[in-house]
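*Asks:* Provided below for reference: sequence and predicted model.
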Amino acid sequence: DAGVTQSPTHLIKTRGQQVTLRCSPISGHKSVSWYQQVLGQGPQFIFQYYEKEERGRGNFPDRFSARQFPNYSSELNVNALLLGDSALYLCASSLGGSDGYTFGSGTRLTVV
Amino acid sequence: GQQLNQSPQSMFIQEGEDVSMNCTSSSIFNTWLWYKQDPGEGPVLLIALYKAGELTSNGRLTAQFGITRKDSFLNISASIPSDVGIYFCAGQLKGGAQKLVFGQGTRLTINP
């Protein structure tokens, strides 16, 4: 079975641009979460979606948005990119209970 | 953003030595998780703890969920070169967004 897949793996954008990151959860997993990991830090929670509904949002500005599709895949959108948005963006999926999340390999976003 | 206090930040040990790292929080968590992250990859779940006082092993790894539910430790016995990487603790609250709150990580380096 495929694990959590994220695309693209690497991305370079210019300040002010918009970016869309994509995530496909493990088959059968209905919960998808997004995390931002700045170099040298632990991941920070951005969003959680379960059954296509937003279940939680971290302390991130409104420039960050996400959605989950009927097939449980998800997109993270970031508008008006800032240099500080440069990070590894991780997607994690779970069955939806209190079980541990399985993470993808992430998308490395560099804003120049 | 919110993070757990994880220590030590880095460790330099000889192959074969035992390793111990811990995580503390001012908040109570219902679940404690330990992840390992290799360069260019997402975190991989090592051990999940669901009950206060629980002691769980996974091969050479042993982790405990503190009685106060505000702390956890991870021990690695007889370290080997493939143990090199960054170890993260994460706490999870039950209900709501079920977001993970991560520590800052412990970077483990092993001298052969």
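*Replies:* Ah, there it is. Numbering: from 1, shown residues only, chains lettered A, B, ... in the order given.

*Asks:* lowest-pLDDT helix or strand in chain A?
*Replies:* The weakest-scoring helix or strand in chain A, judged by mean pLDDT, DSSP states H and E, is strand A:53-57 (a mean of 91).

*Asks:* which residues are in contact with that one?
*Replies:* With CB atoms under 8 Å, 6 or more residues apart in numbering or on different chains as the test, strand A:53-57 has contacts from A:Ser31, A:Phe45, A:Ile46, A:Phe47, A:Gln48, A:Tyr49, A:Ala66, A:Gln68, B:Gly96, B:Ala97, B:Gln98, B:Lys99. Glycine gets a C-beta too; all of them are placed from N, C-alpha and C.

*Asks:* which one in those residues is the model shakiest on?
*Replies:* pLDDT is lowest at B:Gly96 among the contacts of strand A:53-57; the value there is 61.

*Asks:* that older thread, now the contacts of strand A:53-57 as CSV including neighbour count, distance to B:Pro8 and secondary structure?
*Replies:* As requested, these are exported to CSV (neighbours: other CB atoms under 10 Å in any protein chain shown; distance: CB to CB, whole Å; DSSP: H, G, I helix; E, B strand; the rest coil):
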residue, neighbour count, distance to B:Pro8, secondary structure
A:Ser31, 22, 33, strand
A:Phe45, 24, 24, strand
A:Ile46, 24, 28, strand
A:Phe47, 24, 31, strand
A:Gln48, 28, 30, strand
A:Tyr49, 24, 35, strand
A:Ala66, 22, 35, strand
A:Gln68, 23, 38, strand
B:Gly96, 9, 32, coil
B:Ala97, 18, 30, coil
B:Gln98, 23, 29, coil
B:Lys99, 23, 25, coil
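
*Asks:* Give me every residue in chain A lying close to chain B.
*Replies:* Contact residues (CB under 8 Å from any CB of the partner chain) of chain A with chain B: A:4, A:31, A:33, A:35, A:40-45, A:48, A:55-59, A:90, A:92, A:98-106.

*Asks:* Show me these that map onto strands.
*Replies:* Counting by DSSP state E, the part of the residues of chain A next to chain B found in strands is A:31, A:33, A:35, A:44-45, A:48, A:55-57, A:90, A:92, A:102-103.

*Asks:* part of a strand, is A:Gly84?
*Replies:* No - read with DSSP: H, G, I helix; E, B strand; the rest coil, A:Gly84 is helix and lies in no strand.

*Asks:* Near B:Arg69, how many other residues are there?
*Replies:* Using other CB atoms under 10 Å in any protein chain shown, the number of residues around B:Arg69 comes to 18.

*Asks:* so the nearest residue to it once chain neighbours are set aside, which of the three states?
*Replies:* Distance criterion CB to CB, 6 or more residues apart in numbering or on different chains; nearest residue to B:Arg69, sequence neighbours excluded, is B:Ile28 at 4.5 Å. Recorded secondary structure, B:Ile28: coil (three-state DSSP).

*Asks:* Name the residues of the least confident helix or strand of chain A that are buried.
*Replies:* Within strand A:53-57, the residues scored as buried using 16 or more other CB atoms under 10 Å in any protein chain shown are A:Arg55, A:Gly56, A:Arg57.

*Asks:* and if you look at stretch B:93-106?
*Replies:* B:Leu93, B:Ala97, B:Gln98, B:Lys99, B:Leu100, B:Val101, B:Phe102, B:Gly103, B:Gln104, B:Gly105, B:Thr106.

*Asks:* in the sheet, who's paired with the last one?
*Replies:* Using DSSP bridges, the beta-bridge partners of B:Thr106 come out as B:Tyr87.

*Asks:* Nothing else from me, thank you.
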